[in-house]
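Visitor: Sharing a sequence plus its predicted fold:
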Amino acid sequence: MINLLAAAIREVVAAVCDRRFSVRRGRAFGGHRPPLQALIVVALAVPALRAAPDLPTLWAERVKSCVAVEFVTELETERMPTATMGTVIDSQGTIILQSGAIDPRVATSQLKDFRVHLPGEAASTPAEYLGQDAFTEWHFVRVADAKIRAQLVPITAFAGTGAPASPSLAEFVWGIGLRNKDEDFAPYIMQSHVALLQSLPQRTAIAQHEVAAPGLPAFNREGRFIGIAASSFGQSFLQFSRRASGAPVILVNVEESSAFTVATEILPHLNRIPKNVTGRPIAWLGYYGLEPMDRDVAKFLNLETQTGGVVSEVLEGSPAEKAGLKSRDIILALDSKPLPSLKPDKVLPTYIEREIERRAVGDTLTLSVLRGTERLELKAVLADEPKLMREADRKYFDRIGFSTREFVYGDAVDRRVKPSSANGVIAHFVKPNSPAATAGLRMDDWIKEIDGQEVKGFPEAFAKLSDIEKDQARPEFVMLVSRGGETAVLRVKLK
């Protein structure tokens, strides 16, 4: 059938190109007049065939936008190597990595030896870590070698003209994956069809099967960039064995994903390269525990057609507090723009957080809130977010067997205490079988006293623990720690 169709197309094309061709005389098709429908079909088919995508050719070009990124995290007792995948975004060799590629507890000073591998290449080239953008949550890395940068192709080269490509239900999509390091990160292809489109709150497409490795791009049939694969969703299964009948388990494919953030959510933000490794400044409003408005509450308040976010707590000294926002206020709009209706509604807090983080420090954000039956317009001037955990001062004491970390604003929020009155430090890491671990110290314990003296902050803790560490004759010391709202005295035996 295909051969007959091809032969017919060739005959009609040849006839159309022949100056002697005349429909009136019927000289084509062996002297028979070709039906008008046939000419229309062929006329439409010929350009379509000429534009038919050559997937191997598309693949060979688009794989140049993909890389593997290796780096080392210098932990207290070991160097932990990590390999992840990234997408090239510009001609300067800038690469974006997904938010989950780097542990948020890790200080940027602990991130070392970034290197980039081209797909299928055993050799690597040095790279520089540029930082993380709070709004997109992407980590940015840049290739140092100009020769290697010249071999890369930014994903924008495949975005096409006009508006970014937007996937449709049942549309064919394909993407790229990379094998492991022991296989030289060899690239391979995945194909699927779009099964679902959803705002989570970023517009996300979910395919029937895995379509790309997390952090790598996906394309439509024509090879146009259509999105970047997100972390894979867990799939529920029942596991049967001789001892257990139908035990529920969740399996997550960490190397491939069926979900991808669409291009319309990516292309407009590729210029958000951090100015420094901390990602600062970071716009901050200062509330805690925002929850979607309950449907019954919305009905009682005659807000069935409106979306709202209920504020659980307003943080001390924050722009929200200064603007007059209070707990139990219901946020209905930002800068006069009503909050969208999102499904599931639990993604609403993330939507509001992103709307804040897309703005700049010093911007004025107008909050339309409902307080009881009164509607209010509150104006908040966004501030730079307080010091984050990854920026906190920290120090590891090998003889004692734990690292202490500066108590930051987020620690006060988690423990429901006022940041202005909080003292002490946090146990960031506890070495197994160490004196600290044997005494019962756990990660994230709040250390308030050392040897009966109040710890006002990191400098005091650092000085006290340094003296204990150096004193080889000292047999023990005690710490007062808080865990889950309860306090305990731990006796750390050093001998």
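Guide: Nice, I can see it.
Visitor: going forward, measure contacts between C-alpha atoms and count neighbours the same way
Guide: Fine.
Visitor: Helix, strand or coil: sort out residue 346 for me.
Guide: Under DSSP: H, G, I helix; E, B strand; the rest coil, residue 346 falls in the helix class.
Visitor: Share the number of residues neighbouring the closest residue to it other than its chain neighbours, please.
Guide: The spatial neighbour of residue 346 that comes closest, neighbours along the chain excluded (C-alpha to C-alpha, 6 or more residues apart in numbering), is residue 292 at 6.4 Å. As a burial measure, residue 292 scores 19 neighbours (other C-alpha atoms under 10 Å).
Visitor: Could you do residue 154 as well?
Guide: Around residue 154 there are 21 residues (other C-alpha under 10 Å).
Visitor: isn't it right up against residue 90?
Guide: Yes - the pair residue 154 and residue 90 passes the contact test of C-alpha atoms under 8 Å, sitting 4.8 Å apart.
Visitor: Could you verify that residue 268 is part of a helix?
Guide: Yes - secondary structure of residue 268, determined by three-state DSSP: located in a helix.
Visitor: re earlier: any idea how far the residue nearest to residue 346 is from residue 286?
Guide: Between residue 292 and residue 286 the distance, using C-alpha to C-alpha, to the nearest Å, works out to 17 Å.
Visitor: Same check on residue 148?
Guide: For residue 148 relative to residue 286 (C-alpha to C-alpha), the value is 43 Å.
Visitor: Show me which of the two is the more surrounded one.
Guide: Taking residue 148 and residue 286 together and counting by other C-alpha under 10 Å, residue 286 has the greater number of neighbours (20 against 16).
Visitor: Next up, the contacts around that one.
Guide: With contacts taken as C-alpha atoms under 8 Å, 6 or more residues apart in numbering, residue 286 has the following neighbours: 314-315, 318-321.
Visitor: dump the residue contacts of the closest residue to residue 76 other than its chain neighbours.
Guide: Leaving out its chain neighbours, the residue that sits closest to residue 76 by C-alpha to C-alpha, 6+ apart is residue 396, at 6.4 Å. Contact partners of residue 396, counting by C-alpha under 8 Å, 6+ apart, are 76, 402-404.
Visitor: So what's the residue count around residue 151?
Guide: 12.
Visitor: Is it correct that it is in contact with residue 64?
Guide: Yes - in this structure, residue 151 is within contact of residue 64 by C-alpha under 8 Å, at 7.2 Å.
Visitor: any chance you could map the strands in the stretch 151-300 of the chain?
Guide: Secondary structure of the stretch 151-300 of the chain (DSSP state E, counting those that start in this stretch): strands at 172-178, 187-199, 203-207, 217-220, 225-229, 235-239, 247-251, 259-262, 283-284, 287-288, 291-292.
Visitor: and these as JSON lines, adding mean pLDDT and distance to residue 486?
Guide: Formatted as JSON lines, the entries for the strands of the stretch 151-300 of the chain read as follows, by pLDDT from 0 to 100; distance: least, C-alpha to C-alpha, whole Å:
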{"stretch": "strand 172-178", "mean pLDDT": "97", "distance to residue 486": "48"}
{"stretch": "strand 187-199", "mean pLDDT": "97", "distance to residue 486": "41"}
{"stretch": "strand 203-207", "mean pLDDT": "97", "distance to residue 486": "43"}
{"stretch": "strand 217-220", "mean pLDDT": "98", "distance to residue 486": "48"}
{"stretch": "strand 225-229", "mean pLDDT": "98", "distance to residue 486": "43"}
{"stretch": "strand 235-239", "mean pLDDT": "82", "distance to residue 486": "37"}
{"stretch": "strand 247-251", "mean pLDDT": "83", "distance to residue 486": "34"}
{"stretch": "strand 259-262", "mean pLDDT": "97", "distance to residue 486": "42"}
{"stretch": "strand 283-284", "mean pLDDT": "97", "distance to residue 486": "31"}
{"stretch": "strand 287-288", "mean pLDDT": "94", "distance to residue 486": "23"}
{"stretch": "strand 291-292", "mean pLDDT": "94", "distance to residue 486": "27"}
